[in-house]
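*Asks:* sequence plus predicted model, see below.
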Amino acid sequence: MQTLTPSSIAPPRPTRLLLVAAVLVLSYQLPQALGNPFLLLLFPPLAWWGSRWLGFDGMRAWYLDAQPGWLRLLALGLVLAIMAKLATLTVGTYAGVYTFAWVDLQPGTALLGTLAFLAFSTFIASTAEDILTRGLVLRAFPQLGQHWMFVVVSAGLYVLNHIYRLHEGPVEWFRLFCFGLAYAAALYRTRTLWAAVGLHWGWNLANGLLDAFARTDVAQPALAPFYSSTAHLVLLACAVIVMRPARMRS
């Protein structure tokens, strides 16, 4: 089984890589700055262009190609994250941190439309951020990717990428850092970004489904961030213990 080694992956030309990174950062942050989330739909074609311009097929620059086992890792991450979210909500509701109640379901056609929209929108948003704070980092610094320090650095960049939430303070920074640790560990462990996308997408999809089909309120705001942080530390352990490296081309 081939894994990523410093000799098997040489960083692309720095000037091109910097330009691609700048384009991707702007295309991710501008939709939030302008209050128009639909602009994020520009990110996938720009990421594809960036990968091609750096000399890689498709999205392979960001470790998103169809390697053997990629679909299994995506599905595994998706299931683990959804289970973690449901467990967090269940424990938190029992402890009085959350209040929870189902709402009336929509008619069949509307329900399918809502599910499809949530699956698509959360997938695009999750994948974009995974490319930006994980795939791009590993492509730019392959030597760093040989050490656990990559997980820490990537998690720190994940915190900084949430520039519109940094004003919320250290507790929010800690929560985001725990999220970033889990997602970066999935890439580090498996050597494919699909594993990180599965975890990230699963958590965001579960949040979206709960917002659409349930009424969930935070009864104890001071404690709630630590529940989701703990859930992601568990997902970090799952990424290390359960996930296996995928066969990977350079």
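*Replies:* Okay, I see it.

*Asks:* which residue would you name as the spatial centre of the chain?
*Replies:* Note on the chain: the residue nearest the mean C-alpha position is His200, at 3.5 Å, using CA atoms, centre = their mean.

*Asks:* skipping adjacent residues, who's closest to that one in space?
*Replies:* Ser126 (4.1 Å; CB to CB, 6 or more residues apart in numbering). For the C-beta atoms, the positions are set from N, CA and C on the backbone; glycine is no exception.

*Asks:* in this structure the one you found contacts Ala206, no?
*Replies:* No - under the criterion of CB atoms under 8 Å, Ser126 is not in contact with Ala206, lying 11.5 Å apart.

*Asks:* just to revisit the earlier point, how far does the helix or strand containing the residue nearest to His200 sit from its chain's centre?
*Replies:* Secondary structure from DSSP states H and E places Ser126 in helix 108-130. Here the centre of helix 108-130 is set off from its chain's centre by 14 Å, with CA atoms, centre = their mean, to the nearest Å.

*Asks:* same for it, what does it pack against?
*Replies:* helix 43-53, helix 193-213 (3 or more CB pairs under 8 Å, 6 or more residues apart in numbering; DSSP states H and E).

*Asks:* could you pull out the helices in this structure for me?
*Replies:* 14-34, 43-53, 70-94, 108-130, 136-140, 149-161, 170-190, 193-213, 224-241 (DSSP state H).

*Asks:* looking at the ones you listed, which is closest to Phe100?
*Replies:* Closest to Phe100 of the helices of the chain, according to CB to CB: helix 70-94, at 4.8 Å.

*Asks:* which intervals of this structure have sub-threshold pLDDT?
*Replies:* 1-11, 105-109, 246-250 (pLDDT under 70).

*Asks:* coming back round to it: deepest-packed of the helices and strands packed on helix 108-130, please.
*Replies:* A comparison of the helices and strands packed on helix 108-130 by mean neighbour count, using mean count of other CB atoms under 10 Å, puts helix 193-213 on top with a mean of 23.

*Asks:* relative to helix 170-190, how tilted is that one?
*Replies:* Going by axes from the mean of the first three to the mean of the last three CA atoms, to 10 degrees, helix 193-213 is angled at 140 degrees with respect to helix 170-190.

*Asks:* what angle separates helix 193-213 from helix 108-130?
*Replies:* 140 degrees.
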